[in-house]
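>>> Provided below are the primary sequence and the corresponding predicted coordinates.
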Amino acid sequence: MSHTKDGSNRAIDTYWGLIEALRSEHDNVTQRYDEIMDALQDAGGERDLYEKIFTGSRDAIFIVESKSGRIVRANEAAGGLVGCEVADLVGRHQFDLYPHELQDKFKNKFQKIRQEGGVTNLEGDLLRDDGSRLPVSISAHVINAGNQEYVVGFMRDVSEFVAGQKKLRSLNENLEKRVTERTNDLRFANQELEKTISQANRNALDANSANEAKSHFVANMSHEIRTPLNAVIGMTDLLLDMGLGVEEREMAEIVAKSARSLNSLISDILDFSKIEAGKIELENTIFRPSDLLEELMETFSFKAREKNLKLELNLVDLPEFLISDPGRLRQILVNLVGNAMKFTEQGSIELEAKKAESLGNNTTIFFAVRDTGIGIPASKLPTLFNAFTQAEVSTTRKYGGSGLGLNISTQLVEKMGGRLQVKSEPGLGSTFHFSVQFETPTRHQIAEMVAHETGYEIAARGAADYLAGQTKDLRILMVEDNIVNQKVGLGMLAKLGFLPQVACNGQEALEILSRMRFDLVFMDIQMPVLDGIEAVKELRAGNAGDLNRDVPIIAMTAHATSQDRKNCLAVGMNDYVAKPISSDQIYAAMIRVIHPDSTANSMAEPEPYRLDDLVGKFDGDLALATEILDLFMTDTRTRLASLKNAIQGYDFDKAHEEAYNIRSAAQNIFAAQVDSLGMELMQATRDKQQEFAASLAEDIAGELDRIELVIGS
């Protein structure tokens, strides 16, 4: 008994010893907790304020004893993050919160925190109690309470952010893949286009890359096609001066007219990409519509006689003069009449033009081309105006054509403010019709045009006399690499009484110009060894000596665009003729260069506005004209600012309205360039071409600056 009793007493003593030890440890934990509390709160703060911040924080907060690495306190957010009760976190080792393969990483980071005092935005995965992983961002810093060091860690769930990054990476990878695929598709298409050009033209450009081939396609195709066409036109002109019989002359004249029509059509087709890009330019000049239409129908008269077709021109109440782009109007009608001629085997073709409406200075003209040809099935009408489209596959084989004509025509009609439409029945024929509003010129404008034409003829006769007097002494150098074009140019100059010397490229021209004095140079632009632009730069810089440094130079090129004119001006050329060249072109250019007072330089920039016309519009009232001009500048600046904001905000309806108002006002003060840019801007806003519209708006702003400079001077 005594033995059992002694054993029980010893057990009781042991238990009491354990209880006392636990109480002591509890007191130590309580003391450490109080020390932490005292360390974290402000010196004058309250404990409950700390508690509210600690427990109410949306970020998980862990307080870890530095030496042991065990958690001594955590908030509710920490428990929610780990997926357990807060009480279950206390006493855990902090590294148990991380996946096994990441523990070494966090041990190193923990040591770094202790050494450096803290860390921010440390990212990693938290191991939750249910075994799942949660991406978190961790910030921590070291605090000291009494003799103890603690690490306070703040942890935030960044799973949505990580998922978003992952999705973004996936989208970027997919986008990169699609861009790569599209780039490869475009590269393949351009390579195929290169091959097609090479097959169609022996002298096609060997492009360095597919993108270069695409950007230079139009310019080089124009040059290659116009080279043989230049020979046809030039040789025909020379043939017409050889005393032909009546029948032979008629044939030669038909060849000449047809060749020029072909040149116009080629120019239109080569303009297709420019039209699609919204960069086609419309002119505003005074012209006689009846002359234009009669000349157009005369072009088709031989073909009509050949096919035994009746060709009719029906003009109803047309004004004598209109203001628009006669070249583009002719282009549209040539396409429509040409198609009618192509698809009509018997019967007639009629071109009708009649005044539909007249309001103030504006006149609406209705145009219609009717034929009795094969007609078009109703199912094909919806796609008829698309590019590279014809009614039937068999049509292409039988009648030829690229399917571009109607697409070009419909876009040009829309750019002029109209809409091309068609009515057709198979076997009964087709009618293509549209209406366009033209400006009607004032009497003052008409008088000025007539006076200009008369004055030009008088001045030209004086210049011709001057040229005739210089026939024996005028020294001319023709720089041209193509042997056919050389012969054409030499023949045309010989008709004028001149015997020029020839150089085959720019480098050869510089060598000749360094040794012999010349009075005039005709310079081709695109040549091997050294092109015309670079050759003129070298000459004007004095790199061929001073003998011909200032010699007048007339550019000859198939690239007949406004930018080409600017490029030629920029390097110091004096004038410009576009291929295919003619005797009249050469003659007129020589007059302008040798006798510059005979007429305005064709390469000069157009005037920003015509004050004389504006004053004439108000019967000589200069004060009223000036007042109107000031009002135009103020109103247009305001509208331009509104237009730019509308473009930036993709409000194309508002932008189109402002563009229309700007253009209308520009027409009233005879600001031709603003008018032309306004027309392009209307089309760009209609097509929702934001970048191009913004560029045109800046061009209009530049024109307004030009007008202000002229006013100020």
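Looks like it came in fine.

>>> what are the ranges of the helices in the stretch 151-300 of the chain?
Listed in chain order, the helices of the stretch 151-300 of the chain (DSSP state H, counting those that start in this stretch) span 159-200, 210-240, 246-270, 272-276, 289-299.

>>> which stretch in those helices is the model least sure about?
Lowest mean pLDDT within the helices of the stretch 151-300 of the chain: helix 272-276, at a mean of 57.

>>> correct me, but Phe106 touches His93?
No - here Phe106 lies out of contact with His93, judged by C-beta atoms under 8 Å, at a distance of 11.1 Å. In short, each C-beta sits where N, CA and C put it, glycine included.

>>> Compare the two (neighbour count), which wins?
A count of neighbours by other C-beta atoms under 10 Å puts Phe106 above the other of Phe106 and His93, at 18 against 12.

>>> ok, now how distant is the more buried one from Ser57?
22 Å (C-beta to C-beta, to the nearest Å).

>>> check which helix or strand covers the most centrally placed residue in the chain.
Ranked by distance to the mean C-alpha position of the chain (C-alpha atoms, centre = their mean), the top residue is Phe692 at 5.3 Å. Here Phe692 sits within helix 690-712, counting by DSSP states H and E.

>>> List the buried residues of that helix.
In terms of neighbour count (16 or more other C-beta atoms under 10 Å), helix 690-712 has its buried residues at 690, 692-697, 699-700, 703-704, 706-707.

>>> Please write out the alpha-carbon positions of stretch 630-648 in CSV.
Output of stretch 630-648 as CSV, limited to C-alpha atoms (Å, rounded to 0.1, in the frame of the first residue of the first chain):
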residue,chain,number,x,y,z
ASP,A,630,-11.9,87.5,-92.7
LEU,A,631,-15.1,85.7,-91.9
PHE,A,632,-14.0,82.7,-93.9
MET,A,633,-10.8,82.4,-92.0
THR,A,634,-12.4,82.7,-88.5
ASP,A,635,-15.3,80.3,-89.3
THR,A,636,-13.0,77.8,-91.0
ARG,A,637,-10.5,77.7,-88.2
THR,A,638,-13.4,77.0,-85.8
ARG,A,639,-14.9,74.3,-88.0
LEU,A,640,-11.5,72.7,-88.5
ALA,A,641,-11.0,72.4,-84.7
SER,A,642,-14.4,70.8,-84.4
LEU,A,643,-13.6,68.5,-87.4
LYS,A,644,-10.3,67.3,-85.8
ASN,A,645,-12.1,66.5,-82.5
ALA,A,646,-14.8,64.6,-84.4
ILE,A,647,-12.2,62.6,-86.3
GLN,A,648,-10.3,61.8,-83.0
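
>>> any idea of the mean pLDDT for that stretch?
Mean predicted lDDT for stretch 630-648 stands at 89.

>>> and it, how far from the chain's centre?
22 Å (C-alpha atoms, centre = their mean, to the nearest Å).

>>> Could you do stretch 128-147 as well?
Centroid separation for stretch 128-147 versus its chain: 55 Å, with C-alpha atoms, centre = their mean.

>>> contact partners of it?
32, 35-36, 38-40, 66, 81-84, 99, 113-114, 117-127, 149-159, 161-162 (C-beta atoms under 8 Å, 6 or more residues apart in numbering).

>>> Give me the buried positions along it.
134-138, 140, 143, 145.

>>> and if you look at stretch 184-194?
Neighbour-count burial for stretch 184-194 [16+ other C-beta under 10 Å]: 190, 194.

>>> How about stretch 319-338?
So for stretch 319-338, counting by 16+ other C-beta under 10 Å, buried means 321-326, 328-338.

>>> Any regions of the stretch 51-200 of the chain where pLDDT drops low?
Filtered on pLDDT under 70, the stretch 51-200 of the chain yields the residue ranges 198, 200.

>>> can you give me the strands for it?
Taking DSSP state E, counting those that start in this stretch as the test, the strands found in the stretch 51-200 of the chain are 60-65, 71-74, 118-127, 133-145, 148-157.

>>> Need these in CSV (columns: distance to Leu293).
Listed next are the strands of the stretch 51-200 of the chain as CSV, based on distance: least, C-beta to C-beta, whole Å:
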stretch, distance to Leu293
strand 60-65, 86
strand 71-74, 93
strand 118-127, 78
strand 133-145, 77
strand 148-157, 78
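
>>> The stretch 301-450 of the chain: strands as residue ranges?
310-316, 322-324, 348-359, 362-371, 421-425, 429-439.

>>> residues in contact with stretch 477-489?
227-228, 230-231, 234-235, 238, 490, 493, 500-506, 508-509, 512-513, 518, 520-524, 527-528, 532, 535, 556, 579, 581, 586.

>>> what about it, average pLDDT?
The average pLDDT for stretch 477-489 rounds to 86.

>>> how about that stretch: buried residues?
For stretch 477-489, the neighbour count (16+ other C-beta under 10 Å) marks 477-482, 485-489 as buried.

>>> and if you look at stretch 290-308?
So for stretch 290-308, counting by 16+ other C-beta under 10 Å, buried means 292-293, 296-297, 299-300, 302-304.

>>> how distant is stretch 308-321 from the center of its chain?
Chain-centre distance of stretch 308-321: 39 Å, with C-alpha atoms, centre = their mean.

>>> Kindly check the end-to-end length of that stretch for me.
Stretch 308-321 has an end-to-end distance of 33 Å (C-alpha to C-alpha, to the nearest Å).

>>> Quick check: Leu296 touching Val337?
Yes - using C-beta under 8 Å, Leu296 is in contact with Val337, at 7.0 Å.

>>> Which neighbours do these two have in common?
Common neighbours of Leu296 and Val337 (C-beta under 8 Å, 6+ apart) are Leu351.

>>> So Leu262 versus Ile233, what's the distance?
Leu262 is 9 Å from Ile233, by C-beta to C-beta.

>>> and the helix holding Phe692, what does it pack onto?
helix 622-648, helix 652-668, helix 672-686 (3 or more C-beta pairs under 8 Å, 6 or more residues apart in numbering; DSSP states H and E).

>>> next one: it to chain centre, how far?
17 Å.

>>> if I look at Ile581, how far off is Ile554?
According to C-beta to C-beta, Ile581 stands 10 Å off from Ile554.

>>> oh, I was asking about Ala666
32 Å.

>>> One more: Lys52?
90 Å.

>>> These two: which has the busier surroundings?
Each of Lys52 and Ile554 has its neighbours counted (other C-beta under 10 Å); Ile554 has more, 24 against 11.

>>> Report pLDDT for that one.
On the pLDDT scale, Ile554 gets 92.

>>> List the residues that contact it.
520-523, 573-577, 589-590, 593.

>>> quick one: which of those sit in strands?
Among the contacts of Ile554, the ones falling in strands (DSSP state E) are 520-523, 575-577.

>>> Let me have the residues you listed in a markdown table, adding distance to Thr180, neighbour count and pLDDT as columns.
Formatted as a markdown table, those follow (distance: C-beta to C-beta, whole Å; neighbours: other C-beta atoms under 10 Å; pLDDT from 0 to 100):
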| residue | distance to Thr180 | neighbour count | pLDDT |
| --- | --- | --- | --- |
| Leu520 | 55 | 23 | 93 |
| Val521 | 50 | 28 | 95 |
| Phe522 | 49 | 24 | 94 |
| Met523 | 45 | 25 | 93 |
| Asp575 | 49 | 23 | 84 |
| Tyr576 | 44 | 23 | 80 |
| Val577 | 46 | 20 | 80 |
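
>>> Just name the closest of the residues you listed to Val246, please.
Distance to Val246, by C-beta to C-beta, is smallest for Val577 among the ones in strands among the contacts of Ile554, at 31.4 Å.
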